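Engineer: Would you be able to build a 3D model of this:
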Amino acid sequence: MRRTGSTALVGIALAAVLTACASGTGESPGGPDASPTPDPTEPTVILTPEPDSSSTKAPGGTPSPGGPPVGTTAADAVADLAERLGVEPASVTVVRDEAVTWRDGSLGCPAPGMAYTQALTPGRLVVLEAGGRTVEYHSGGRRGLFLCENPQPPAQTEPDR
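Structural biologist: I've put the predicted structure just below:
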């Protein structure tokens, strides 16, 4: 009988502790510094940071090569370069505009210290000339054209799609 009495006392003590924790003392079970347990009836709000203009992220959250996308056509690239240089779009010449296959996920514009998907990636290469300066815009996968500051050659060019 003595053993049953001890078990009963342990059960009562455990019930008292659980009741105190559930009574809403304003403190979390882990103490004043512990995170509160979320109420499952309340909507969950997830805050995401604002995009940082110094880096671009591809779908899935991985860093993308180059700057922000400017569009999908050579005309979009011409407009972007004209704006960057402060010149009229008519003074920008399209030297090349062709479908290509990039060697990897860097889309021919690798950034130092970054790792990229090692798979051939179909894309586009637009080469523009303005004021004696030649620049390249690259695209590929689901990424639109972007200015590439350190261009690398594609694995191959393809007939226009």
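Engineer: Where does pLDDT dip in this protein?
Structural biologist: Applying pLDDT under 70 to the chain picks out residues 1-67, 158-161.
Engineer: again, 50 this time
Structural biologist: 26-28, 41-63 (pLDDT under 50).
Engineer: so where do the strands sit in it?
Structural biologist: Along the chain, counting by DSSP state E, strands occupy 93-102, 121-130, 133-140, 143-148, 156-157.
Engineer: Could you give me the buried positions within the second one?
Structural biologist: Along strand 121-130, these residues count as buried under the neighbour rule (16 or more other C-beta atoms under 10 Å): 121, 123-128, 130. Any C-beta I mention is one placed from the backbone N, CA and C, and that applies to glycine too.
Engineer: Out of the residues you listed, which is nearest to residue 74?
Structural biologist: residue 126 (4.9 Å; C-beta to C-beta).
Engineer: Pretty sure the closest one sits against residue 93.
Structural biologist: No - using C-beta atoms under 8 Å, residue 126 makes no contact with residue 93, being 11.3 Å away.
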